[in-house]
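1. fold the following, please.
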Amino acid sequence: MASAGQARVFKSTRVGGLDFESFPMRLFQKAKKFGIWDPQSFDFSKDRADWESFSPEQREVLLHLSSLFLGGEESVTLDLLPLIGVVAEEGRLEEEMYLTSFLWEEAKHVEVFRRFLDEVAQDASDLTRFHGPCYQAIFYQELPTALGRLRNDPSPVAQAEASVTYNLIVEGVLAETGYHAYFQMLEANDVMPAMREVVGKLKQDESRHLAYGVYLLSRLVAEHGDEVWEAIDRRMNHLLPLALGMIDEMFAAYDELPFGLSMDDFVMFATAQFQKRYERVAKAREQDLEEIVGT
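-> You can find the predicted model right below:
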């Protein structure tokens with residue numbers, strides 16, 4: 001950052017300008033193309049009719065899942081700003097531009113799930129009753145702590161631990177697994193068409209968020225080496241049991257889940273996605289920074 005008396009430097013007006021071929025800018029183009037959807041545009045009338053036909057247990061499970069999604073989306077909306085601030089302070093304009101859409105999308109996810117609860121479930125009760133110990137450990141403690149740390153510690157290790165928590169665990173294991181299962185459940189039972197469309201939009205948004213997280217972690221590993229990789233490895237292995245514990249909490253609350261939901265499907269999908277991202281970030285140990293940035 002320029003000190004008093006120094007001329008401020010704007011990347012967009014310097015020789016070379018913006019790097020439109022960079023990975024973050026390509027994500028920004030996708031966000032503008034695929035992320036322009038309005039939570040207020042969905043017609044939930046058929047979903048409400050389907051809700052009326054569900055059994056009490058089916059409704060309870062849908063409330064349970066929706067409360068986990070909504071609390072998680074609100075948490076990531078609240079906690080993202082310190083990461084954007086660090087990226088801005090480092091002068092990474094293309095990454096900051098993409099992250100502006102990232103935050104906007106998270107806010108829309110909060111809005112659309114609240115609409116579902118208000119208009120379809122018509123439930124204004126305290127749904128934190130569904131937030132078990134593992135859920136609370138991640139969303140009440142680990143996520144806000146890891147992201148909040150960046151306000152005072154913008155080091156590569158702190159950035160890596162924040163991104164692991166946010167992108168690879170909260171989005172890559174929990175949100176991606178939950179939305180995959182939720183969509184498949186609604187599709188297989190041919191119910192709640194508006195929510196099916198909503199979840200399809202959420203999955204697209206989250207795929208871009210995850211892609212940026214893998215890029216950021218790979219960049220940090222390629223640039224700063226083993227210290228960052230070891231921090232990533234520790235963080236992932238610390239948080240994965242909590243993430244899988246959340247799945248166990250969900251299923252333990254019911255003798256048998258309706259809609260054909262299977263714990264094995266949740267766990268297998270979650271661990272497969274985790275392993276795929278783990279291997280992709282680990283590959284950065286063998287790459288130089290130019291390879292990562294040019295990917």
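2. every contact and neighbour count from this point should use C-alpha atoms.
-> Will do.
3. count of residues packed around residue 34?
-> 12 (other Cα atoms under 10 Å).
4. tell me the contacts of it?
-> 204-205 (Cα atoms under 8 Å, 6 or more residues apart in numbering).
5. how close does it get to residue 201?
-> According to Cα to Cα, to the nearest Å, residue 34 stands 8 Å off from residue 201.
6. do residue 284 as well
-> Distance, residue 284 to residue 201, by Cα to Cα: 30 Å.
7. of these two, give the one with the bigger neighbour count.
-> residue 284 (23 against 16).
8. my read is that that one contacts residue 215, right?
-> No. Counting by Cα atoms under 8 Å, residue 215 is not a contact partner of residue 284; they are 9.5 Å apart.
9. now do the shared contacts for those two.
-> Common neighbours of residue 284 and residue 215 (criterion: Cα under 8 Å, 6+ apart): residue 292.
10. which residue ranges form the helices in the stretch 101-250 of the chain?
-> With helices called from DSSP state H, counting those that start in this stretch, the stretch 101-250 of the chain shows them at 133-136, 143-148, 156-163, 176-189, 193-224, 226-252.
11. low-confidence stretches in the stretch 151-295 of the chain?
-> 295 (pLDDT under 70).
12. middle-most residue in the chain, spatially?
-> When Cα atoms, centre = their mean is applied to the chain, the residue found nearest the centroid is residue 171 (3.1 Å).
13. coming back round to it: figure out which of the helices of the stretch 101-250 of the chain is closest to residue 110.
-> Shortest separation from residue 110 across the helices of the stretch 101-250 of the chain is recorded for helix 193-224, at 10.8 Å, computed as Cα to Cα.
14. which strands or helices does the closest one pack on?
-> Here helix 193-224 touches helix 23-34, helix 45-53, helix 93-115, helix 156-163, helix 176-189, helix 226-252, helix 263-283, helix 289-293, going by 3 or more Cα pairs under 8 Å, 6 or more residues apart in numbering; DSSP states H and E.
15. show me what counts as buried in the last one.
-> With burial defined by 16 or more other Cα atoms under 10 Å, the residues of helix 289-293 counted as buried are 289, 292-293.
16. of the residues you listed, closest to residue 137?
-> Lowest distance from residue 137 to these (Cα to Cα) belongs to residue 292, with 32.6 Å.
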